[in-house]
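Asks: No letters, just coordinates:
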Ligand code: PHE
């Protein structure tokens, strides 16, 4: 008899808990309140678990019945919680819909501006146009032939490793080969020779390049500007003069360049170009270490490249250089961008 009594009184208690829970849950106005109700009932130390902890003390015959009742209560409370959650979320949405926002209110306009790289490209273009270069744009997705092979880099040549190239999964062309995301703007060299048919050539090709790289001074997509001059009697002093001119115009009147021997397949001789540091003027300081900042590659166009562009290397010579737009931009005085990738992070600050 005692046990039957226990069972019935427990049933009443559970009913009462359910009634209270229903009222409390349906009364909540905020998701945060609802969350604390959830903890109160279903949490580790919550009411349902407290009830289940009584289980060992319950007479054997009633254990099953009691367990079932508590589980039923748990289901009911869970349903109530999720019903109320839906209701509250719906209410929030409705409120947002009716919130009035007057888009015609006057505000202080934010002044937009072009991307820093766009400014740099425009400035570089203008500097070279002043000395007779013609701005062109060539494909950013191009054939292996233009990106490598015509530049004196036969298939499987080790020099290709320098350009960590993305290959595009597309049908290849019998003559021109595979398709790549251009890893440098040098693909414009032979294309420009083909476009003009014969010298004189004074090209400035600016475009996007892609390499498998990413760190503070490299991003997988970046820009290069490529100069190419081909004519009768072009020699290293012409290259050096052009580089000095650019350094003065872009970085400031006191800046100079120097060239160091280097190797590229498509130029002979080849150079690495440095610009004098603007803090110490080439003497060496903490910023630049040895007085000079490395800026990019250059050289005299290799005869094989002229031949690939149907130009007679016995009659004509030329020079070329290819530098990073972001690189010269970050080297410009007053620009303080600690990580090149910030230029492409879409964070307007
Ligand atoms: N294409 C070379 C590079 O990406 C740069 C370069 C261009 C060097 C033209 C020499 C002549 O590093």
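Replies: That came in fine, so what should we check first? In this text the structure is predicted, and so the values were computed from the model without any measurement.

Asks: Around the ligand, which positions in the protein sit nearby?
Replies: Taking CB under 6 Å from any ligand atom as the contact definition, the chain meets the ligand at 184, 186, 226, 264, 267, 297-299, 320-322. The C-beta positions use only the backbone N, C-alpha and C, and glycine is treated the same way.

Asks: Pipe those residues into JSON lines and attach neighbour count, secondary structure and pLDDT per row.
Replies: Formatted as JSON lines, those follow (neighbours: other CB atoms under 10 Å; DSSP: H, G, I helix; E, B strand; the rest coil; pLDDT from 0 to 100):
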{"residue": "184", "neighbour count": "24", "secondary structure": "coil", "pLDDT": "96"}
{"residue": "186", "neighbour count": "31", "secondary structure": "coil", "pLDDT": "97"}
{"residue": "226", "neighbour count": "24", "secondary structure": "strand", "pLDDT": "98"}
{"residue": "264", "neighbour count": "23", "secondary structure": "strand", "pLDDT": "96"}
{"residue": "267", "neighbour count": "26", "secondary structure": "strand", "pLDDT": "97"}
{"residue": "297", "neighbour count": "22", "secondary structure": "strand", "pLDDT": "97"}
{"residue": "298", "neighbour count": "26", "secondary structure": "strand", "pLDDT": "98"}
{"residue": "299", "neighbour count": "26", "secondary structure": "strand", "pLDDT": "98"}
{"residue": "320", "neighbour count": "29", "secondary structure": "strand", "pLDDT": "98"}
{"residue": "321", "neighbour count": "24", "secondary structure": "strand", "pLDDT": "98"}
{"residue": "322", "neighbour count": "23", "secondary structure": "strand", "pLDDT": "97"}
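
Asks: Which helix or which strand is home to the closest residue to residue 31 other than its chain neighbours?
Replies: Excluding its sequence neighbours, the residue lying closest to residue 31 (CB to CB, 6 or more residues apart in numbering) is residue 88, at 5.5 Å. Using DSSP states H and E, residue 88 sits within helix 60-98.

Asks: roughly how far out does that helix sit from the chain middle?
Replies: 45 Å (CA atoms, centre = their mean, to the nearest Å).

Asks: So for that helix, mean pLDDT?
Replies: In this model, helix 60-98 has an average pLDDT of 90.

Asks: picking that back up, which residues are in contact with the residue nearest to residue 31?
Replies: Taking CB atoms under 8 Å, 6 or more residues apart in numbering, we find residue 88 in contact with 28-31, 34.
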